[in-house]
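Enquirer: sequence isn't available, so here's the structure alone:
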Ligand SMILES: NC(=O)c1ccc[n+]([C@@H]2O[C@H](COP(=O)([O-])OP(=O)(O)OC[C@H]3O[C@@H](n4cnc5c(N)ncnc54)[C@H](OP(=O)(O)O)[C@@H]3O)[C@@H](O)[C@H]2O)c1
């Protein structure tokens, strides 16, 4: 079988297709024939920014959709023919989070990910796919969609009438826009591109701010809410955006801290956090139980992930370069 392997060193140019043996299912495991995968910014970071060379060789991609083709001894919850999405955190089933459920159990680093034709995993580490979605659409869910779901629904307790500010138009943010609209919220989107703003409005965004043309977008967001501030910020920008997100939020508002697109560290006005009685949630994706709750909402509301572009597995380098250029809107898919 073919597997996309990062070998030798970090860098998109070091992603190569390799022949590997088709794995066998041990007790408690299933073998998946992978149909599709999708890219997340984390995959780009894993491949390009380097890290621990001891992790190489590595198969990237936390996100995918596969069909169960072999079931190991003792597996009850899945059967041959089931269409599933592996969990981002293979070890986080429910409750938590506690440390043992997180980093070491993540697909795509350190555990070999979904960019391969077959993979073997614990049956506990996957969920059945929402029935209304194609294989490619299912492959968009595990990281980006669950992160947006947890940010707004699990930690944010979003309710109809809330105002949500989503930053940019990448994978997490477009899912946040779709979930917020499904929950009856108002959405303000920020983007560097007027063309992307028009696309976001077609998806239901109520208001938009071009953060290049209006660098102090937090003041504009306050204006759009009559001075009150937004109820939720889906904070993917990191260093440059977090101080502004504090000012965009209403008293008692919620900031889901998710991303680092503009960097890791910045001075923060701590007094503004307590003066505004803000709730700040650090988010790392979510559990299998939360994924299954999200899947029900996706089915009930017939929500379809927004796919910018699809690539065959042997053009994976181009897919990573598209993400690096940040011209995409929503998700980038690899057909496996
Ligand atoms: N903590 C977690 O569990 C978790 C899970 C998923 C993702 N993340 C993180 O969340 C971030 C987004 O991930 P993703 O996969 O959705 O990325 P993505 O699809 O690559 O999204 C990138 C988009 O974000 C926007 N953007 C870039 N810099 C920005 C800035 N300074 N301010 C506002 N928007 C900006 C741009 O949209 P426009 O072109 O419209 O401006 C860009 O196209 C990454 O940092 C990723 O590591 C964290």
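Expert: Arrived safely. Owing to the predicted nature of the structure, the values given are computational and were not obtained by experimental measurement.

Enquirer: what helix or strand is residue 262 on?
Expert: If you go by DSSP states H and E, residue 262 is not part of any helix or strand.

Enquirer: let me see the contact set for it.
Expert: By Cβ atoms under 8 Å, 6 or more residues apart in numbering, residue 262 lies in contact with 237, 238, 239, 240, 241. For glycine as for every other residue, the C-beta is placed from the backbone atoms N, C-alpha and C.

Enquirer: any idea which element the second one lies in?
Expert: For residue 238, there is no enclosing helix or strand under DSSP H and E.

Enquirer: show the contacting residues for it.
Expert: 259, 260, 261, 262, 263, 264.

Enquirer: hmm, the first one is touching residue 237, no?
Expert: Yes - counting by Cβ atoms under 8 Å, residue 259 does reach residue 237; the two are 6.4 Å apart.

Enquirer: find the residues that touch each one of those two.
Expert: In contact with both residue 259 and residue 237: residue 167, using Cβ under 8 Å, 6+ apart.

Enquirer: burial count for residue 133?
Expert: Using other Cβ atoms under 10 Å, residue 133 has 22 neighbouring residues.

Enquirer: do the helix or strand containing residue 164 and the ligand meet at all?
Expert: In the assignment (DSSP H and E), residue 164 maps to strand 163-167. Yes - counting by Cβ under 6 Å from any ligand atom, the ligand has neighbours in strand 163-167: residue 167.

Enquirer: what sits against the residue nearest to residue 109 when sequence neighbours are not counted?
Expert: Among residues not flanking residue 109 along the chain, residue 46 sits closest, at 4.6 Å (Cβ to Cβ, 6 or more residues apart in numbering). Neighbouring residues of residue 46 by Cβ under 8 Å, 6+ apart: 6, 58, 60, 108, 109.

Enquirer: quick revisit: PyMOL command to pick out the buried ones of the contacts of residue 262?
Expert: Selection of the buried residues among those in PyMOL, burial being defined by 16 or more other Cβ atoms under 10 Å:
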select buried, resi 237+238+241
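
Enquirer: so who does the spatially most central residue of the chain touch?
Expert: For the chain, residue 144 is the residue whose C-alpha lies nearest the centre (Cα atoms, centre = their mean; 1.4 Å). Listed by Cβ under 8 Å, 6+ apart, the contact set of residue 144 reads 38, 40, 63, 170, 171, 172, 175, 331.

Enquirer: sheet partners, orientation included, of the helix or strand hosting the first one?
Expert: Put plainly, it is residue 38. Per DSSP H and E: residue 38 is located in strand 29-39. Here strand 29-39 has these sheet partners by DSSP bridges: strand 63-71 (antiparallel), strand 118-122 (antiparallel), strand 331-335 (antiparallel).

Enquirer: helix or strand right after the second one?
Expert: The element immediately downstream of strand 118-122 (helix or strand, assigned by DSSP H and E) is strand 126-128.
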